[in-house]
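> Predicted coordinates and the sequence they were generated for:
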Amino acid sequence: MLILQGSPNPKGNTARLADEIARGAMASGAKVKEFFIQEHNIASCTACQSCQEPKARGCIIDDDMDDIYKAALEADAIVFASPIYWFTVSAQIKQVIDRFYAFVTSDGHRFAGKRIGLAFTFGGDDAVDSGCINAIRTFQDAFAYINAPICGMVYGSSGNGPVRKNKALLQKAFALGKKLAKNG
């Protein structure tokens with residue numbers, strides 16, 4: 001399993017949810033690799049379209065995204081973890097998502113069949129007012145398009161205190177990790 005942590009805060013609410021997903025997956029025997037995106041040098045997609053050339057082997061940008069590409073291809077399941085900022089995912093996770101365009105090929109997408117999990121945190125009182133629903137819909141549309149099922153998601157407000165104190169949400173995150181580890 002690959003967990004892509006898109007929060008700039010390594011000890012924040014999103015990281016706590018992602019950690020609990022990892023614990024659930026490992027409890028089911030899965031190997032987990034995590035990338036804290038903030039710590040990596042990842043350039044923005046330049047829309048050069050080089051990755052779409054007939055004999056292209058992926059993105060031509062030489063940066064830390066190469067490590068994420070490799071881990072994503074090796075993983076059976078991928079978790080996207082992000083705080084909700086300004087009604088959508090963080091810039092860090094969005095940058096990675098945009099760079100995954102390099103996996104689109106004339107015969108499909110290299111993520112086809114991978115199990116996808118989502119973990120979002122937000123500061124408002126509900127998923128609609130906070131914009132979390134926008135992020136959920138974006139992922140639903142994108143992964144339906146590439147035939148990679150979203151097997152589950154956890155999301156919750158940090159408006160009433162730290163996620164670490166929300167036992168029900170942490171239990172859901174642990175269960176999602178187990179579910180993703182056991183083939184969805």
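Structure's in. What do you need?

> then stretch 23-38 to CSV, C-alphas only?
What follows is stretch 23-38, C-alpha atoms only, in CSV (Å, rounded to 0.1, in the frame of the first residue of the first chain):
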residue,chain,number,x,y,z
ARG,A,23,-1.8,0.6,11.2
GLY,A,24,-4.9,-1.1,9.9
ALA,A,25,-3.2,-2.2,6.7
MET,A,26,-0.1,-3.5,8.6
ALA,A,27,-2.4,-5.4,11.0
SER,A,28,-3.7,-7.2,8.0
GLY,A,29,-0.2,-8.1,6.8
ALA,A,30,0.2,-5.4,4.1
LYS,A,31,3.5,-3.6,3.5
VAL,A,32,3.0,0.2,3.7
LYS,A,33,5.1,2.9,2.1
GLU,A,34,4.4,6.5,2.9
PHE,A,35,5.4,9.7,1.2
PHE,A,36,5.1,13.0,3.1
ILE,A,37,4.9,15.1,-0.1
GLN,A,38,6.0,18.3,1.6
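
> got the buried residues for that stretch?
23, 24, 25, 30, 32, 33, 34, 35, 36, 37 (16 or more other Cβ atoms under 10 Å). C-betas here are computed from N, CA, C, even on glycine.

> Show me how far it is from its chain's centre.
Relative to the centre of its chain, stretch 23-38 is centred 12 Å away, using Cα atoms, centre = their mean, to the nearest Å.

> how would you label the residue nearest to the spatial centre of the chain: helix, strand or coil?
The structure's the chain has its C-alpha centroid closest to residue 80; by Cα atoms, centre = their mean the separation is 1.1 Å. Judged by DSSP: H, G, I helix; E, B strand; the rest coil, the three-state class of residue 80 is strand.

> Enumerate residues external to the helix or strand harbouring residue 129 that contact any of its residues.
Here residue 129 sits within helix 127-130, counting by DSSP states H and E. Residues outside helix 127-130 that contact it (Cβ atoms under 8 Å, 6 or more residues apart in numbering) are 84, 87, 122, 123, 124, 133, 136, 155, 157.
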